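J.: fold the following for me, if possible:
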Amino acid sequence: MGRSIMAKDLNEFLEDFKSLSMSTIDEKGNPFSSYAPFIKIEDKYYVYISLMAKHTTNLKNKNICSLFFVEDESKCLNIFARKRAMVQCNSNVIKQDTKEEIDLLEQFKIKFDDGMITMLKGMKDFHVFEFTPFYGEAVFGFGKAYNLGGKDFSQFVERENTGTKGHGK
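T.: Model (predicted):
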């Protein structure tokens, strides 16, 4: 991920990521942040998480979340301008033991350890959640803020000039 140039799209930026940070909303309406390993297929993100985890309960009660991807601190050029993307999503739990779940778990096995996914599947309380983006932003340095757009929410879209000069320019 130590690229000093901007990624051409969100998918390129995410190539080296194995996990995502997610913010969910708890039963009191408070934000709750956590992380999970993920896979991305076309425009959707998938996590395999336990019913024992608070973020899973939050997602079952309110099916929205915000995903956050941020450049590794040790690889960034400026700590105040870490490359990052935020993706707001609707979530949906994938029914266990369906063809869809089996196919998705095969993709998890490819990206991660086959034995680990098999072990988690045996625990019976792990479920695949699907996240479908409805809004996103990316920041790749000072004055380099973009909306995410395109069919799969992976394209960097220049923001319209709002008449403000921003950052004192």
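
J.: wasn't residue 151 part of a helix?
T.: No - Residue 151 is assigned coil when assessed by DSSP: H, G, I helix; E, B strand; the rest coil, not a helix.

J.: isn't it right up against residue 43?
T.: Yes - under the criterion of Cβ atoms under 8 Å, residue 151 makes contact with residue 43 at 6.9 Å. (Each C-beta comes from the backbone N, C-alpha and C, glycine too.)

J.: who's more crowded, the two?
T.: residue 43 (14 against 8; other Cβ atoms under 10 Å).

J.: quick one, longest strand in the protein?
T.: In the chain, taking DSSP state E as the definition, the longest strand is strand 126-139.

J.: quick check: buried residues in that one?
T.: 126, 127, 128, 129, 130, 131, 133, 136, 137, 138, 139 (16 or more other Cβ atoms under 10 Å).

J.: alpha carbons of it, as PDB, please.
T.: Presented in PDB, the C-alpha positions along strand 126-139 are these (Å, rounded to 0.1, in the frame of the first residue of the first chain):
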ATOM      1  CA  PHE A 126     -20.900 -16.900  12.100                       C
ATOM      2  CA  HIS A 127     -23.000 -15.200   9.400                       C
ATOM      3  CA  VAL A 128     -22.000 -13.500   6.200                       C
ATOM      4  CA  PHE A 129     -23.200  -9.900   6.000                       C
ATOM      5  CA  GLU A 130     -23.500  -8.200   2.600                       C
ATOM      6  CA  PHE A 131     -22.900  -4.400   2.500                       C
ATOM      7  CA  THR A 132     -24.300  -2.500  -0.500                       C
ATOM      8  CA  PRO A 133     -23.000   1.100  -0.800                       C
ATOM      9  CA  PHE A 134     -25.300   4.100  -1.200                       C
ATOM     10  CA  TYR A 135     -22.700   6.900  -0.600                       C
ATOM     11  CA  GLY A 136     -19.000   7.300  -0.400                       C
ATOM     12  CA  GLU A 137     -16.100   9.700  -0.200                       C
ATOM     13  CA  ALA A 138     -12.300   9.400  -0.600                       C
ATOM     14  CA  VAL A 139      -9.500  11.700   0.500                       C
END
